[in-house]
Structures are given as structure tokens and as C-alpha cells.
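Visitor: Here is my input, please return the structure:
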Amino acid sequence: MPFEYANYAEAILWVLIGLTFVAYAVRRAGAVRRRCVVAALTFLLFGVSDVIEVQTGAWWRPWWLLVWKGSCVAALLVLLSDYLIRRRRQSTPRHP
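Guide: Predicted coordinates for the structure are as follows:
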């Protein structure tokens, strides 16, 4: 039972983060909006995968759930990498 409760709580957290990105995307435009939409979809799908995990009893079975979760983690790492690169470029002084 604690496993199930923890997974449902985790699913709620990911969905809330996804919905926050949806709200943020509505108020933005261009590349920022696209990144927010990708982040929202990724977090929402990650939350749904946790609900499925409760039903299957493991994050690695069936095989497609492992691929699903791995894809979400990969997408989040790409988003994080993109953010860190953009932040570094913005903070680097530009010389004429």
C-alpha cells in the first residue's frame, strides 16, 4: 500500500507541474511557448506513467512502460540542457 500511495502522490506532483507549464505556455509566445508545451506534455505523460506503474507493480514492466518512462526522462534532460545552455549564453558578457 505505501508503494501505491507514493506513486499516486508522485503522479499528482508531475501532473501539477505539467499543468503549471500549460498555464505558463498560454501567456508566452514563440520558442518559450514551444518549450513550455513540450515540458507540460512530458510531465503530464510522466504522471500518467506513474498511475500505470501502480497497476503493473514495477516501472520496468511491461517493457513499453520502461521505454515510456525513459523517453520522459530523456525529454526532461534535453529541456534542462537547453535551459542551462541558454542561461549560460545570456550571462556571458559580449565583447564588441
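
Visitor: CA atoms for contacts and neighbours, from now on please.
Guide: Will do.

Visitor: Leaving aside the residues adjacent along the chain, what's closest to the residue nearest in space to the middle of the chain?
Guide: A centroid search over the chain (C-alpha atoms, centre = their mean) returns residue 43, at 3.3 Å, as the residue closest to the centre. Nearest non-adjacent residue to residue 43, counting by C-alpha to C-alpha, 6 or more residues apart in numbering: residue 18, 4.8 Å away.

Visitor: Give the next helix or strand downstream of the helix or strand harbouring residue 40.
Guide: Here residue 40 sits within helix 30-56, counting by DSSP states H and E. Of the helices and strands lying after helix 30-56 in sequence (DSSP H and E), the nearest is helix 63-91.

Visitor: now the angle between helix 30-56 and that following helix, please.
Guide: 150 degrees (axes from the mean of the first three to the mean of the last three C-alpha atoms, to 10 degrees).

Visitor: quick one: average confidence on helix 63-91?
Guide: Averaged across helix 63-91, pLDDT comes to 96.

Visitor: Which strands or helices does it pack on?
Guide: Secondary-structure packing of helix 63-91 (3 or more C-alpha pairs under 8 Å, 6 or more residues apart in numbering; DSSP states H and E): helix 30-56.

Visitor: what mean pLDDT does the helix it packs on have?
Guide: On average, the pLDDT along helix 30-56 is 97.

Visitor: what do you get for stretch 6-14?
Guide: 96.

Visitor: Now do it: distance to the chain's middle.
Guide: Offset of stretch 6-14 from its chain centre (C-alpha atoms, centre = their mean, to the nearest Å): 13 Å.

Visitor: Could you tell me how many residues sit around the residue nearest to residue 62 when sequence neighbours are not counted?
Guide: Excluding the flanking residues, the one nearest residue 62 by C-alpha to C-alpha, 6+ apart is residue 56, at 7.4 Å. Per other C-alpha atoms under 10 Å, the neighbour tally for residue 56 reads 13.
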